[in-house]
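1. model the structure of this input:
(one chain, ligands or ions: 1)
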Amino acid sequence: MVEHDVGRRIQVIVEDITKLDVDAIVNAANESLLGGGGVDGAIHRAAGPKLLEECRSVGGCPTGEARITKGYNLPARFIIHTVGPIWRGGNAGEETLLRSAYRESLIMASAHQCRTVAFPAISTGVYSYPKAQAARVAVSETIAYLQNQAIPETVIFCAFDETTAQLYRDLLQSDE
Ligand code: AR6
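-> This next block holds a predicted model:
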């Protein structure tokens, strides 16, 4: 299926991602999948201790890949855990790895029939990826994916601050 008007399938919000009642939220995790700070810490706190138990049994996730667990106490049914790259100046394959993190998360969402999936701004916190460059990767990779896939129907970019949300909005507008 080729869908040309994918803009209508992408939303931008400013919200705590743990509050969203969607099929899947994406977690910006680390390779251990055993929790951490930032959005990862917030997701583990909100989902409850059974999430850590399931994550232990998953056995980690290489950078650029994705794994899926249940959502436990979250409104979201699934958590897709992905690992973005640590920013090392831009010449260490960071963009390729960040693209892969978005693409692999979307593939996981499709495989589990997730109609609505929400992404945080992967790698832009503790991992220091420049926010504008990360937003460009997130938007372009998501558009490319949705052009060839009917599921997920809707992708939400869930920013934690207004500045990040505006980066997404500007990119989506200039795409129209
Ligand atoms: N809802 C939505 N976005 C959030 C939330 C939230 N509740 N909390 C933070 N953000 P980060 P990374 C935003 O640091 O850079 C962890 O320790 C935040 O403003 O969470 O990929 C992991 O275990 C930022 O824009 O993830 C890894 O070790 C974005 O989420 C490491 O951090 C991502 O920031 C991963 O670092």
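2. for the residue sitting nearest the centre point of the chain, give its distance to the ligand.
-> Residue closest to the average C-alpha location in the chain (CA atoms, centre = their mean): residue 119, at 3.2 Å. Going from residue 119 to the ligand by CB to the nearest ligand atom, to the nearest Å gives 9 Å. In this view, the C-beta of every residue, glycine as well, is placed from N, C-alpha and C.
3. which residues of this structure lie near the ligand?
-> Counting by CB under 6 Å from any ligand atom, the chain comes close to the ligand at 16-18, 28-30, 36-40, 42, 84, 120-127, 158, 160, 164.
4. SS state for residue 99?
-> Here residue 99 is helix, with the state taken from DSSP: H, G, I helix; E, B strand; the rest coil.
5. can you tell me which residues contact it?
-> Contacts of residue 99 were listed using CB atoms under 8 Å, 6 or more residues apart in numbering, and they are 137, 141.
6. what do you get if the cut-off is 10 Å, keeping everything else the same?
-> Neighbour list for residue 99: 64, 85, 137-138, 140-141, 144 [criterion: CB atoms under 10 Å, 6 or more residues apart in numbering].
7. residue 51: which of those is nearest?
-> Distance to residue 51 across those (CB to CB) is lowest for residue 64, with 21.9 Å.
8. doesn't the closest one belong to a helix?
-> No. Secondary structure assignment (three-state DSSP) places residue 64 in coil, not in a helix.
9. for the protein, which spans come out with low pLDDT?
-> 1-4, 174-176 (pLDDT under 70).
10. which residue ranges form the helices in it?
-> 38-47, 49-58, 94-111, 131-146, 162-174 (DSSP state H).
11. output those helices in CSV, with distance to residue 152 appended to each entry.
-> CSV is the format used below for the helices of the chain (distance: least, CB to CB, whole Å):
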stretch, distance to residue 152
helix 38-47, 19
helix 49-58, 22
helix 94-111, 5
helix 131-146, 8
helix 162-174, 16
